[in-house]
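Undergrad: Here is my input; please provide its structure:
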Amino acid sequence: MAAVSDPPPVTAPHAGAPSSRLRGRLGPGAIVFMVVAAAAPLTVVAGSVPIGIAAGNGAGFPAMYVVAAVVLAFFAVGFTAMTRHVPNAGAFYSYVGTGLGRGPGLGTALVALVSYVTVQGAVYGYIGYALGDLVDRWGGPALPWWSWTAVVLAVTAVLGYRHIELSSKVLGVLLVAEVGIVLVLDVAVIGRGGGEEGLSSAFLRPADVLSGSPGLGLMFAIAGFIGFEATAIFRDEARDPERTIPRATYAALALIGVFYTVSAWAIVSAWGDGAVVAESVADPGGLVVATTQAHVGTVAADVMQVLFVTSLFAAVLAFHNVLSRYFFALGTTGVLPVACGRSHVRHASPHVASLLTTAVGGVLMAVCALAGLDPVLEIFTWLAGIASVGIVVLMLLACLAVIVFFRRTRADRRPWQTLVAPSLGLVGLALILVLLVENLPLLMGGSTALGVGAGVLLVAALLGGPVLARLRPTAARDLVRAPRSADVPQI
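TA: Residues are numbered from 1 along each chain as shown. Purely as a prediction, here's the structure:
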């Protein structure tokens with residue numbers, strides 16, 4: 001294969017001059033920490049697993065994480081194969097624009113902004129409630145949820161403004177702690193051979209996997225992976241991005257998939273196939289804490305409640321970093337005002353885009369607070385529902401862009417990476433999207449009107465791309481470039 005030509009050197013700005021280039025030395029491990037933190041492992045295990053068991057396919061629910069991981073692995077094959085050919089770190093926006101053109105690319109950018117704004121808002125609402133509940137339980141002041149959200153918003157703003165490696169270190173510590181407590185529970189349950197019924201084998205039996213509502217189970221499972229796909233957004237801050245980004249993507253997907261599958265299986269095994277469904281229906285929010293208290297002890301259960309809050313903080317910080325880099329990428333390509341594409345002289349961070357991200361999050365939370373919305377049943381549920389559908393749409397479009405790009409340019413002639421795997425991912429994601437759309441009212445708290453409204457919002461964002469491309473003919477012109485001859489592997 002011919003070597004890939006080196007990109008032109010980036011001239012360092014003089015002191016005090018604005019720059020439009022992010023810098024960093026992030027390796028695969030650091031990027032994995034950030035994207036796995038965005039997936040919020042403890043939040044998923046403590047929140048989504050009980051609901052997936054109760055509303056989905058019961059004791060067979062752990063198998064849904066395997067199915068979701070396989071579908072996303074097909075997506076990742078094409079996604080990483082195209083990494084070397086995208087012009088900037090705009091992730092989905094750059095991939096879709098490079099493969100399908102400026103109009104779809106800009107539509108993807110708008111869908112991405114809606115998706116990450118809403119998922120960040122969902123977590124801001126939840127963490128305000130969870131932090132307030134924790135402080136109140138320990139004898140602290142009983143304040144409204146939005147006051148605690150404001151505190152988290154301020155801390156996130158400070159970390160997001162500074163160099164990415166500071167956020168990476170904070171997320172690394174929090175991630176190790178939350179994963180560690182769940183692994184302690186997993187080892188305790190599996191080491192004892194499960195509960196009275198022993199270790200469950202329901203997730204291996206087709207009859208159990210397909211029982212109940214497997215579609216709902218898959219829907220909750222796929223939502224747990226949101227964030228892993230954001231590896232490409234850090235390409236400018238990665239060390240050797242053509243190797244780092246693929247490695248980080250596969251590592252994040254593998255770690256999340258195995259962790260969720262094993263942890264869900266351990267929870268089912270701790271209660272038994274029948275009892276776990278009854279307990280999940282009766283008290284989904286307390287299932288994992290009760291399991292920890294029974295198998296590890298009261299101290300561990302108390303620690304898990306604290307780490308649940310830190311897990312939410314890790315997720316909101318990770319989503320802040322992703323969203324600010326979307327704003328930055330759109331600023332550097334002329335879609336948003338050029339100020340959004342400036343990086344800090346000393347921190348080499350997207351400081352203007354980070355401030356914009358903070359402002360958008362603050363306004364969204366202020367609107368929700370003034371409307372009197374419940375932070376969990378309404379803010380978290382509604383906004384997470386919009387984000388889940390939006391992220392799947394983004395991944396589906398990325399798969400299609402990969403197929404079209406490599407068929408058109410022949411920049412890579414390997415069939416598995418450029419056609420077979422992306423096509424399988426496209427089919428799998430299309431089926432998942434159908435399930436999500438059918439159950440969107442459920443994700444939106446049972447309201448058909450809100451479900452339709454969320455769907456209209458995402459469709460309008462996607463269709464707004466071609467309109468924006470016409471109104472801003474000079475925006476994102478780099479998305480229409482042809483691959484250089486040096487990019488084309490010689491087979």
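Undergrad: In the stretch 351-491 of the chain, what residue spans correspond to helices?
TA: Applying DSSP state H, counting those that start in this stretch to the stretch 351-491 of the chain gives helices spanning 351-370, 381-409, 415, 421-438, 440-443, 448-471.
Undergrad: From the structure, what's the count of residues near the nearest residue to residue 316 once chain neighbours are set aside?
TA: Distance criterion CB to CB, 6 or more residues apart in numbering; nearest residue to residue 316, sequence neighbours excluded, is residue 123 at 4.5 Å. To be clear about C-beta, it is placed using only N, CA and C from the backbone, and glycine gets the same treatment. Around residue 123 sit 32 other residues, with neighbours defined as other CB atoms under 10 Å.
Undergrad: Check residue 83 too.
TA: 19.
Undergrad: what do you get for residue 278?
TA: 13.
Undergrad: Quickly find the element holding the residue nearest to residue 316.
TA: helix 102-137 (DSSP states H and E).
Undergrad: likewise residue 51?
TA: Per DSSP H and E: helix 49-55 holds residue 51.
Undergrad: Could you give me the buried positions within that helix?
TA: Within helix 49-55, the residues scored as buried using 16 or more other CB atoms under 10 Å are 49-55.
Undergrad: Remind me what that helix packs against, helices and strands.
TA: Where contact means 3 or more CB pairs under 8 Å, 6 or more residues apart in numbering; DSSP states H and E, helix 49-55 is packed against helix 214-223, helix 241-271, helix 273-282, helix 287-295.
Undergrad: swap the cut-off to 10 Å and go again
TA: Applying 3 or more CB pairs under 10 Å, 6 or more residues apart in numbering; DSSP states H and E, one finds that helix 49-55 contacts helix 62-81, helix 214-223, helix 241-271, helix 273-282, helix 287-295.
Undergrad: could I have it exported to PDB, CA atoms only?
TA: Extracted as PDB, the C-alpha positions of helix 49-55 are listed here (Å, rounded to 0.1, in the frame of the first residue of the first chain):
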ATOM      1  CA  VAL A  49     -30.700  -2.400  33.000                       C
ATOM      2  CA  PRO A  50     -33.700  -2.600  35.400                       C
ATOM      3  CA  ILE A  51     -36.000  -0.900  33.000                       C
ATOM      4  CA  GLY A  52     -34.800  -3.100  30.100                       C
ATOM      5  CA  ILE A  53     -35.600  -6.200  32.200                       C
ATOM      6  CA  ALA A  54     -39.000  -4.900  33.300                       C
ATOM      7  CA  ALA A  55     -40.200  -3.400  30.100                       C
END
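Undergrad: what's the spacing between that helix and its chain's center?
TA: A distance of 20 Å separates the centroid of the chain from that of helix 49-55, by CA atoms, centre = their mean, to the nearest Å.
Undergrad: go on, stretch 245-257?
TA: Stretch 245-257 has its C-alpha centroid displaced from the chain centroid by 12 Å (CA atoms, centre = their mean).
Undergrad: ditto for stretch 45-60
TA: 19 Å.
Undergrad: Would you mind measuring the gap between the ends of that stretch?
TA: One end of stretch 45-60 to the other measures 15 Å (CA to CA, to the nearest Å).
Undergrad: Quick check: mean pLDDT of it?
TA: Stretch 45-60 comes out with an average pLDDT of 90.
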